[in-house]
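Colleague: Could you look at this predicted model? Sequence included:
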Amino acid sequence: METPSFLTDAPRFVFFTGKGGVGKTSVACASAIALARSGARVLLVSTDPASNVGHVFDTTIGASVTEIPAVTGLSALEIDPHQVAAAYRERIIGPVRGLLPAAEIDTITEQLSGSCTTEIASFNEFTALLHPSALPQFDHIVFDTAPTGHTIRLLQLPGAWTEYLQGSGDASCLGPLSGLNAQRETYAAAVHALTDPALTRLVLVARAQDAALREVARTYDELTDIGVKAGHLIINAVLPQSDTDVLAAAITLRENAAIAAMPASLAALPCDRITLKPVDMVGVAALSTLFDSATTVSAFTDTDAPNLAPAPLAALIDELALDDHGLIMCMGKGGVGKTTIATAIATALAARGHDVHLSTTDPAAHLTETIGTGSSTMRVSRIDPDEATEQYRQRVLRTRGADLDEQGRAALAEDLRSPCTEEVAVFQAFSRLVHESRRRFVVVDTAPTGHTLLLLDATGAYHREISRNLGADRNFTTPLMRLQDPAQTKILVVTSPESTPVLESVELCADLERASITPWAWVLNNSLAAAHPTDALLRARASAEAAHIDSVATQYSHRYALVPLLSSEPTGIRLAELSGGAVPTGD
């Protein structure tokens with residue numbers, strides 16, 4: 001395994017961040033292996049709520065430090081949001097259980113069951129790892145982070161909570177904020193570690209794509225604003241030069257143009273390019289080849305090419321268009337093309353004369369860059385967490401604060417400065433989208449899997465509160481009930497036909513089923529098998545897709561679409577290529 005420059009003289013903490021689907025997990029895992037094989041003791045930590053590190057190493061990894069048997073000196077840890085939230089609740093409720101009435105314990109438990117509690121609990125685990133006294137047995141702690149927007153949120157939180165606690169913020173109540181006062185010193189240590197380049201190296205990971213490079217440049221700017229300095233850039237999965245295939249040549253041309261046009265802030269950073277490999281990065285053997293500059297492709301014959309039944313996205317859109325309203329939600333792992341698929345569906349419905357509202361709950365999504373000129377019959381919006389939070393604060397001050405005296409309004413304003421306010425604000429904005437879908441099509445591009453599930457947790461908590469307060473004899477409809485009704489909501493699971501994304505999509509479906517939400521269809525996006533390449537490397541990857549496509553069609557969904565990888569970015573008028581054709585899906 002060759003050693004890339006971003007691992008030279010690596011400090012104690014190494015963070016990998018970037019847009020979903022760019023290969024952060026693969027790069028982080030390969031980096032951890034390389035550091036361990038150099039003789040260091042390494043802990044690999046995933047802060048992604050939808051972590052797949054265990055799948056990559058074929059080892060069960062949880063909330064406790066787990067040794068990776070195949071690599072001497074390497075251990076791993078996944079910060080499981082639900083596990084740490086349960087432990088956090090017990091630390092708060094345990095001391096008062098038996099001292100308070102059962103009904104009051106139930107109320108406190110419900111208060112601690114929202115996504116705000118989950119965020120705080122996960123955040124506490126993360127900041128504890130940055131403390132100088134934490135895990136001294138390890139020389140390096142490598143972080144495989146959640147997709148960009150939520151990583152920025154995570155890295156901003158130490159400063160946000162420190163500022164809140166240094167003010168008059170009340171963290172003494174029995175609620176999500178309980179126990180935060182005890183964390184002051186830990187948060188301060190986290191802020192110091194994150195902003196000290198001798199302790200922390202932030203590595204930006206991108207693909208050679210305009211959207212990925214623009215997003216990582218925005219990440220660079222936002223993190224620089226809070227004092228976290230990015231030190232290196234990785235451009236991952238770059239296709240080696242090929243003149244034997246029209247698709248490969250087009251991809252190479254597109255990638256070279258994107259790299260040449262990258263923002264100046266990125267161009268100034270030390271940069272490593274990692275070439276696309278013919279196999280999925282699963283297992284130590286595959287990961288050990290990730291940093292090798294040479295790529296070996298086995299001999300290929302025509303019989304290796306997969307024979308696939310057509311399953312166009314147009315068939316799903318035809319079925320959706322039979323209604324004149326409803327909620328359509330695209331869910332899945334980051335980087336699989338949820339934004340593109342959601343935009344293609346919305347523009348196709350609008351082109352057919354339907355009233356359509358396209359929105360996103362992903363802090364890192366930029367719909368206007370995908371949609372281009374848009375449509376006169378389609379509204380486009382974005383749930384911006386900062387904007388939604390400020391609007392919520394002002395609304396609460398106008399209503400609840402109207403009858404308060406000056407001191408009371410000041411106390412209310414201070415409470416609304418809590419970072420937990422964002423959870424409530426984003427949920428309310430999402431609820432308005434759900435309500436609007438009774439009158440028109442509302443197509444939602446969601447945040448990557450783990451964070452969408454946190455939003456659904458908030459939806460479930462609200463449903464339970466309404467049910468408890470109104471009782472079984474009252475008629476009511478909550479956002480969760482609309483999500484559970486297939487006549488009102490169509491969930492499309494968007495993935496790519498590769499091992500890890502499909503596995504994560506299966507896990508997403510299981511999480512949805514536990515909330516009594518059944519996905520309506522799957523979309524397998526950016527399929528090389530459906531694009532029929534002739535380049536040897538691309539054909540090797542296309543052949544590997546066949547088994548994953550078959551598993552979706554035969555095991556996971558009778559309704560699906562297979563969308564080919566296009567020779568150019570599917571934006572603007574090229575979105576129509578994704579929804580062209582009318583061949584039925586496999587039923």
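Modeller: That came through, no problem.

Colleague: what's the closest non-adjacent residue to residue 443?
Modeller: Excluding the flanking residues, the one nearest residue 443 by C-beta to C-beta, 6 or more residues apart in numbering is residue 346, at 4.1 Å. For the C-beta atoms, the positions are set from N, CA and C on the backbone; glycine is no exception.

Colleague: Tell me the secondary structure at the one you found.
Modeller: Recorded secondary structure, residue 346: helix (DSSP: H, G, I helix; E, B strand; the rest coil).

Colleague: Spit out the contact partners of it.
Modeller: 356, 358, 378, 441, 443 (C-beta atoms under 8 Å, 6 or more residues apart in numbering).

Colleague: Relative to residue 70, how far out is it?
Modeller: 45 Å (C-beta to C-beta, to the nearest Å).

Colleague: okay, and the helix or strand of this structure with the least pLDDT?
Modeller: Using mean pLDDT, DSSP states H and E, the weakest-scoring helix or strand in the chain turns out to be helix 148-166, at a mean of 48.

Colleague: ok, now which ones touch residue 27?
Modeller: Residue 27 makes contacts with 16, 203, 205, 234, 236, 274, 290, as judged by C-beta under 8 Å, 6+ apart.

Colleague: Now stretch 323-334: buried residues?
Modeller: Buried positions in stretch 323-334, judged by neighbour count with 16 or more other C-beta atoms under 10 Å: 326, 327, 328, 329, 330, 331, 332, 333, 334.

Colleague: correct me, but residue 89 touches residue 109?
Modeller: Yes - between residue 89 and residue 109 a contact is recorded at 6.7 Å, counting by C-beta atoms under 8 Å.

Colleague: who has more neighbours, those two?
Modeller: A direct count of neighbours by other C-beta atoms under 10 Å for residue 89 and residue 109 places residue 89 higher, at 20 against 14.

Colleague: and the more buried one, helix, strand or coil?
Modeller: helix.

Colleague: Just the pLDDT for it.
Modeller: Per-residue pLDDT puts residue 89 at 77.

Colleague: With residue 455 instead?
Modeller: What the model reports for residue 455 is a pLDDT of 67.

Colleague: now residue 23: how far from residue 536?
Modeller: Plainly put, residue 23 is 21 Å away from residue 536 if you go by C-beta to C-beta.

Colleague: Which residue of the two possesses the greater neighbour count?
Modeller: residue 23 (22 against 17).

Colleague: Isn't the more buried one up against residue 205?
Modeller: Yes - contact between residue 23 and residue 205 holds when scored by C-beta under 8 Å: they sit 6.4 Å apart.

Colleague: Determine the residues that are contacts of both of those two.
Modeller: By C-beta under 8 Å, 6+ apart, residue 23 and residue 205 have these common neighbours: residue 236.

Colleague: My read is that residue 522 contacts residue 563, right?
Modeller: No - judged on C-beta under 8 Å, residue 522 makes no contact with residue 563 at a distance of 10.9 Å.

Colleague: Make sure residue 248 is actually in contact with residue 276.
Modeller: No - the criterion here is C-beta under 8 Å, and residue 248 misses it with residue 276 at 10.2 Å.

Colleague: which of those two has more neighbours?
Modeller: Remark: of residue 248 and residue 276, residue 248 carries more neighbours, 22 against 18, as counted by other C-beta under 10 Å.

Colleague: residues contacting the more buried one?
Modeller: Contacts for residue 248 (C-beta under 8 Å, 6+ apart) come out as 239, 242, 533, 534, 535, 537, 538.

Colleague: what's the farthest-apart pair in these?
Modeller: The largest separation in the contacts of residue 248, counting by C-beta to C-beta, is between 239 and 534 at 13.7 Å.

Colleague: how close does residue 85 get to residue 91?
Modeller: Noted for residue 85: a distance of 11 Å to residue 91, by C-beta to C-beta.

Colleague: between the two, who's got more neighbours?
Modeller: Counted by other C-beta under 10 Å, residue 85 and residue 91 do not tie: residue 85 has more neighbours, with 23 against 13.

Colleague: Just confirm the more buried one is within a helix.
Modeller: Yes - Residue 85 sits within a helix when classified using three-state DSSP.

Colleague: pretty sure it is in contact with residue 124, am I right?
Modeller: No - Residue 85 is beyond contact range of residue 124, at 10.1 Å (criterion: C-beta under 8 Å).

Colleague: For residue 381, see how far away residue 393 is.
Modeller: Separation of residue 393 from residue 381 (C-beta to C-beta): 20 Å.

Colleague: Neighbour count for those two, which is higher?
Modeller: Between residue 393 and residue 381, residue 393 has the larger neighbour count (other C-beta under 10 Å), namely 18 against 13.

Colleague: Now do the contacts for the more buried one.
Modeller: 413, 416, 421, 425.

Colleague: Using ChimeraX, make a named selection holding only the buried ones among these.
Modeller: Those of the contacts of residue 393 that count as buried under 16+ other C-beta under 10 Å are selected in ChimeraX with:
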select :416,421,425
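
Colleague: ok, of the contacts of residue 393, which one's closest to residue 97?
Modeller: Distances from residue 97 to those, taken by C-beta to C-beta, are shortest for residue 421, at 28.5 Å.

Colleague: Quick check: which element contains the nearest residue to the closest one once chain neighbours are set aside?
Modeller: Computed as C-beta to C-beta, 6+ apart, the closest residue to residue 421 that is not its neighbour in sequence is residue 389, at 5.6 Å. Remark: residue 389 resides in helix 385-399, with elements defined by DSSP states H and E.

Colleague: How about residue 192?
Modeller: Per DSSP H and E, residue 192 falls inside helix 184-194.

Colleague: again, but for residue 429
Modeller: Element membership for residue 429 (DSSP H and E) is helix 421-436.

Colleague: And residue 563, by the same measure?
Modeller: Taking DSSP H and E as the criterion, residue 563 maps to strand 560-564.

Colleague: Output the contacting helices and strands for the helix or strand just after that strand.
Modeller: Going down the chain from strand 560-564, the next helix or strand is helix 575-578, by DSSP H and E. Under the contact criterion of 3 or more C-beta pairs under 8 Å, 6 or more residues apart in numbering; DSSP states H and E, helix 575-578 touches helix 338-351.

Colleague: Mind checking what helix or strand follows the helix it packs on in sequence?
Modeller: Next helix or strand after helix 338-351 toward the C-terminus (DSSP H and E): strand 356-360.

Colleague: gap between that next one and the chain center?
Modeller: In terms of C-alpha atoms, centre = their mean, to the nearest Å, the centre of strand 356-360 is set 19 Å apart from its chain centre.

Colleague: What ranges does the stretch 1-150 of the chain have for its strands?
Modeller: Under the criterion DSSP state E, counting those that start in this stretch, the stretch 1-150 of the chain contains strands at 13-17, 42-46, 66-67, 74-78, 140-144.

Colleague: Same list, the ones you listed, but as a markdown table with distance to residue 447 and mean pLDDT please.
Modeller: Listed next are the strands of the stretch 1-150 of the chain as a markdown table, based on distance: least, C-beta to C-beta, whole Å; pLDDT from 0 to 100:
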| stretch | distance to residue 447 | mean pLDDT |
| --- | --- | --- |
| strand 13-17 | 15 | 90 |
| strand 42-46 | 17 | 93 |
| strand 66-67 | 28 | 93 |
| strand 74-78 | 19 | 92 |
| strand 140-144 | 18 | 93 |
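
Colleague: Export the ones you listed as a markdown table, with columns for mean neighbour count.
Modeller: Listed next are these as a markdown table, based on neighbours: other C-beta atoms under 10 Å:
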| stretch | mean neighbour count |
| --- | --- |
| strand 13-17 | 25 |
| strand 42-46 | 26 |
| strand 66-67 | 16 |
| strand 74-78 | 24 |
| strand 140-144 | 25 |
